[in-house]
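> Turn this into a model:
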Amino acid sequence: MADHRATWHRGSRRRPDARRYRAWGAGDRPGARGALSAAMLGLFLLASVLWAGCGSQPGDGAEQTAAAQRAPAGAASPTGPTAGAASPTGPTAGAASPTGPTVQGGPAGRPGSTPRPGAAGHGDEPGRPAAEGADAPQLPMGGRTLLPRLRIVAHYGSVGGGALGVLGEGTPEQAAQRVLAAAAPFAAGDRPVQPAMELITTVASASPGADGLYSSALLPAAVEPYLAAARAHRMLLILDLQPGRGRFLDQARRYERFLREPDVGLALDPEWKMGPNQVPGRQIGSSDAAGLNEVSAWLAGITRAHNLPQKLFVIHQFTESMLPDRTAIVARPELATVFHIDGFGVRQDKLDKYALLSARAPFFTGFKLFLDEDTNMFSPAETLTLTPPPDLITYQ
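Numbers count the residues shown, from 1 in each chain. Okay, here's the model as predicted:
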């Protein structure tokens, strides 16, 4: 089996006020009546003015206060990561419901909204503290725990075409539809399926670039359409980093505003983590546990600070040398940490790699299927027979 993957990267891609005021109605206007004396008319006028000044019936003030307290969960407000800018939002109330396996459970609004009455929450699941407050952010399908409750099925790639993976083919919406189609067969398994898109946001390059780091980064404007498409279909978005000679943490911080969202995860690719004298594509990279642990500590901190649900944290691997001190990698309760086995080739080679590199609790295991490079690619049903069954399946 060829350990080095065939996806060799050549350069960079690249309201008016809602309150209602009482208005005078025809029955509210005073009128002269022959049977009324001037004094009675004056008293009537005075009472009418006092009534209009009250503005509303008893209890309206309490109702308005309660409505104001509820407003943040459902009001029209920026939901994307870019402050002050038009940003992607999830499906709106009354919109056509998503298709595919994502229809199982969960809130009808964008991730992070309050579940509809009667919706099942998962704040009390093992390994996760109870959510604080009724408006605690939720995952796209509801609840606050990803793994092992769900099985995640993703497409991998970047913008600019399919050279970097199937996700980049066509528009983000077209990509989302393909993800739904790929995820649907896995619904026959033992868990609900959570579709996802893994977007390469920093791309390793054969040239050093202006900063000498052999990696180029997508602008936020290129990421936002994928987040919008993911939210329209209640998917996860996973941001993948190929750092070249850069640091994973430095690159992750570029996308912090996205990672503060409840439906955005992070993936690190040590294959493209180069040493000071290495060039992407010429050598297979590697990362020590310290570099990965500093990223997971930072990401767990964001998750705690913003009371986010469990966040997906993926570490790609297809040789032991890519993670020389893997046993020192720390599992954090805020994160669902997945060792994702990325080798391609004939079936037996993939099975051997899976047996060698699959994870044990408290970690989870991922498995990649290569649409072009795999020989006799595993079907969804066959993939689910692996031991252990993978928690994350990605197509490239």
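
> Which strand runs longest in the chain?
Identified as the longest strand of the chain according to DSSP state E is strand 193-204.

> so where's the stretch 1-150 of the chain shaky on pLDDT?
Where the stretch 1-150 of the chain drops to pLDDT under 70, the residues are 1-134.

> contacting residues for the nearest residue to Phe378 once chain neighbours are set aside?
Leaving aside its sequence neighbours, Phe378 sits nearest to Leu369 (C-beta to C-beta, 6 or more residues apart in numbering; 6.2 Å). All C-beta spots, glycine's among them, are computed from the backbone N, C-alpha and C. The neighbourhood of Leu369, defined by C-beta atoms under 8 Å, 6 or more residues apart in numbering, consists of 377-378, 383, 393-396.

> repeat that with 7 Å
377-378, 393, 395 (C-beta atoms under 7 Å, 6 or more residues apart in numbering).

> what number of residues lie near Asp325?
By other C-beta atoms under 10 Å, 12 other residues sit near Asp325.

> can you map out the strands along the stretch 251-396 of the chain?
264-268, 311-317, 335-341, 364-369, 392-395 (DSSP state E, counting those that start in this stretch).

> mean confidence for stretch 366-373?
Taken as a whole, stretch 366-373 has a mean pLDDT of 96.

> between the longest strand of the chain and strand 311-317, how big is the angle?
Orientation check (axes from the mean of the first three to the mean of the last three C-alpha atoms, to 10 degrees): strand 193-204 against strand 311-317 gives 60 degrees.

> so what strands line up beside strand 193-204?
Taking DSSP bridges as the criterion, strand 193-204 pairs within the sheet with strand 151-157 (parallel), strand 215-217 (antiparallel), strand 236-241 (parallel).

> Just the angle for that strand relative to strand 335-341, thanks.
70 degrees.

> quick one: strand 193-204 to strand 364-369, angle?
Using the same axes, to 10 degrees: strand 193-204 against strand 364-369 is 70 degrees.

> quick one on the thing from earlier: quick one: which of the strands paired with strand 193-204 is nearest Asn307?
strand 236-241 (18.1 Å; C-beta to C-beta).

> Dump the closest one to CSV, restricted to CA.
What follows is strand 236-241, C-alpha atoms only, in CSV (Å, rounded to 0.1, in the frame of the first residue of the first chain):
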residue,chain,number,x,y,z
LEU,A,236,-21.4,20.2,10.6
LEU,A,237,-18.6,22.2,9.0
ILE,A,238,-15.1,21.0,9.8
LEU,A,239,-12.2,23.3,9.1
ASP,A,240,-9.1,21.4,8.0
LEU,A,241,-5.5,22.7,8.4
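
> Could you check how far Phe367 is from Glu320?
17 Å (C-beta to C-beta, to the nearest Å).

> if we can go back for a sec, would you turn the strands paired with strand 193-204 into TSV with mean neighbour count and distance to Asp190?
Converted to TSV, the strands paired with strand 193-204 look like this (neighbours: other C-beta atoms under 10 Å; distance: least, C-beta to C-beta, whole Å):
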stretch	mean neighbour count	distance to Asp190
strand 151-157	27	8
strand 215-217	23	38
strand 236-241	26	20
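
> Dump those strands to CSV, plus distance to Ala204.
Shown next, in CSV, are the strands paired with strand 193-204 (distance: least, C-beta to C-beta, whole Å):
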stretch, distance to Ala204
strand 151-157, 14
strand 215-217, 5
strand 236-241, 9
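
> Would you mind giving those as TSV with mean pLDDT added?
Shown next, in TSV, are the strands paired with strand 193-204 (pLDDT from 0 to 100):
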stretch	mean pLDDT
strand 151-157	98
strand 215-217	97
strand 236-241	98
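
> Identify whichever of those strands lies nearest to Pro262.
Judged by C-beta to C-beta, the one of those that comes nearest to Pro262 is strand 236-241, at 9.6 Å.

> Could you list which residues are in contact with Ala230?
Counting by C-beta under 7 Å, 6+ apart, Ala230 has contacts 176, 197, 236-237, 263.

> What is the nearest of these to Ala221?
Leu237 (14.8 Å).

> Relative to Pro140, which of the contacts of Ala230 is nearest.
Asp263 (5.2 Å).

> I'd assumed Leu236 was in contact with the closest one.
Yes - if you go by C-beta atoms under 7 Å, Asp263 and Leu236 touch, sitting 5.6 Å apart.

> before we move on, back to that, rebuild the strands of the stretch 251-396 of the chain as CSV, extending it with distance to Arg253.
Formatted as CSV, these follow (distance: least, C-beta to C-beta, whole Å):
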stretch, distance to Arg253
strand 264-268, 11
strand 311-317, 15
strand 335-341, 17
strand 364-369, 24
strand 392-395, 24
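
> Run through the helices of the stretch 201-350 of the chain in chain order.
220-232, 248-254, 256-259, 289-305, 347-357 (DSSP state H, counting those that start in this stretch).

> In the third one, which residues are buried?
To tie it back to what came earlier, the one meant is helix 256-259. Neighbour-count burial for helix 256-259, with 16 or more other C-beta atoms under 10 Å as criterion, is recorded at 258-259.

> Pull up the distance across stretch 142-152, start to finish.
14 Å (C-alpha to C-alpha, to the nearest Å).
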